[in-house]
Structure formats: C-alpha cells, structure tokens
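Novice: Model the structure of this input:
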Amino acid sequence: MNEEWISITEAAARLSGAGDSVDRSTLSRYIAQHGEALETRREGKSNLVEYGALAAHRGENIRIRSTPSAVQRGTIAAPTRRFVGTQSDGAARKMLADAEMREMDLAKRRGELTPTSEVDQGGRDAIALMQSAFDRAVESEAAGLSVKYGWDERIARLALKGFARAGIEAFNREMRDMLDRRNRARAAGDDPAAAEALQ
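Specialist: Numbers count the residues shown, from 1 in each chain. Next up is the predicted model:
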C-alpha cells in the first residue's frame, strides 16, 4: 500500500477540491477527535496525516455531510431520494414540514382549500351542464334557422350539434394542454403561474 503523508493544510485543500468542503482548523479538530483511527506524524513544525486513510475515514463517517461540487459552484444538483445531511438539517426540515401542515390545517378550517375530488367533480358537472345547454340551444336554434332561412330543420340540427361537439373537443384539448404545461412546469421546479403567463 502506497502511503502519502501530507500536511493538514494540504489535506484540507485536497479534500475540498474533491468535494468534501473543509477548512484547515476543522480538519485539525477532526483528526484530533479521531486520533485512534487516524495516525499523525510530526515533521518539523507540521503535523502530517496519511491522505488515503483520512479520505477513506471521512467518506465512511456518516456524520459528515458530503456536498456535491456542483452545489458548491452554485448549480442545483438533482434531488436524491435519500436525505443527506446533518441531524440539525433533518430537524429543520421537520419543523418546516410541521409549519406547512399547520398552515394547511388553518386554510382548511377557513375554507380556503378545496379537495381535489370536489374540483374534479365540479369540472365534470360543469362540462355536463355545458353540453346540456348546447343540446337545448341546438333544438331551438335549428327550429329558428329553419323558419328564418328555410333550411331543413334536421340538417341544421346536425350541423349545430357538430359545431357544439367541435367546441367541446377544443375546450377539452385546451384544458388538457394547460394542465400538461402546469404539471411540466411544476416538475421542472418553475412557478406554474409564470409558465401559464408565458403561453
């Protein structure tokens, strides 16, 4: 095994370059805390540590939060399923989730939330009422067109029903497209309202 003994300052720089962001003083305390597992050597005024053993120990230590280098450069990394963070990060996330749940409970009590099943049923009822209104309008309009222009009432009724069907299909298509754009914007992390405004 090829051992590489380097100074703590150099070790901190190399670890940071590899994505394990740590400064010299924090690394020095870490090495002192884990002295039974990490051997050090004195060389002049410097303490040396074996880099391979240090990197392996920090990689196995579950208390160390490894930060991807993409996050350090300011870009957003893809979310992972497993939470990687410290215990205080977990507590902060739990407090935030609890606060959001309390806000939702308050909004529900105020009547500001509508269950999705009610919205879905309301949309279906609205479409059924719209179709019924079109059907009633077709009957009266077909009779009126027959009298006014001398058209065959049956042919006028068929044409008007075709127009009504085409209008409802266009409405359904527009609603599906709008919901699809909103879902894609939400999945991409964008503001759905802003995405709608751009369309």
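
Novice: element containing residue 101, please.
Specialist: Residue 101 is part of helix 87-110, with elements assigned from DSSP states H and E.

Novice: no, scratch that, I was asking about residue 127
Specialist: Taking DSSP H and E as the criterion, the element that holds residue 127 is helix 116-149.

Novice: One more: residue 42?
Specialist: With DSSP H and E as the test, residue 42 turns up in strand 40-43.

Novice: Name the residues of that strand that are buried.
Specialist: Burial within strand 40-43, assessed by neighbour count using 16 or more other CB atoms under 10 Å, is assigned to residue 40. Where you see a C-beta, it was placed from the backbone N, CA and C, and this is true even at glycine.

Novice: Can you name the residues in contact with that strand?
Specialist: 5, 31, 47-49 (CB atoms under 8 Å, 6 or more residues apart in numbering).

Novice: immediately after that strand, which helix or strand?
Specialist: strand 46-50.

Novice: That next one: which residues count as buried?
Specialist: Those buried within strand 46-50 under the rule 16+ other CB under 10 Å are 47-50.

Novice: What is the helix ranked longest in the chain packed up against?
Specialist: With secondary structure taken from DSSP state H, the chain has its longest helix at helix 153-188. Helices and strands touching helix 153-188, as assessed by 3 or more CB pairs under 8 Å, 6 or more residues apart in numbering; DSSP states H and E, comprise helix 116-149, helix 192-198.

Novice: Relative to residue 103, which of the ones you listed is closest?
Specialist: The minimum distance between residue 103 and those falls on helix 116-149, with 17.8 Å, by CB to CB.

Novice: from the chain's centre, how far out does the closest one sit?
Specialist: Centroid separation for helix 116-149 versus its chain: 39 Å, with CA atoms, centre = their mean, to the nearest Å.

Novice: Which segments of this structure make up each domain?
Specialist: Residue ranges for each domain of the chain read 5-72, 80-113, 120-198, as given by automatic domain parsing.

Novice: give the contact list for residue 60.
Specialist: Contacts of residue 60 were listed using CB under 8 Å, 6+ apart, and none were found.

Novice: Quick check: the residue lying farthest from the centre of the chain vs residue 156, distance?
Specialist: In terms of distance from the mean C-alpha position of the chain, residue 150 ranks first, at 60.2 Å (CA atoms, centre = their mean). Distance, residue 150 to residue 156, using CB to CB, to the nearest Å: 10 Å.

Novice: swap in residue 128?
Specialist: Remark: distance between residue 128 and residue 156 (CB to CB) = 24 Å.

Novice: So, low pLDDT: which residues of this protein?
Specialist: Low-confidence segments of the chain, defined by pLDDT under 70, span residues 1, 62-86, 191-199.

Novice: can you put the contacts of strand 40-43 in a markdown table and add distance to residue 108?
Specialist: Rendered in a markdown table, the data for the contacts of strand 40-43 read as follows (distance: CB to CB, whole Å):
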| residue | distance to residue 108 |
| --- | --- |
| 5 | 62 |
| 31 | 53 |
| 47 | 60 |
| 48 | 62 |
| 49 | 56 |
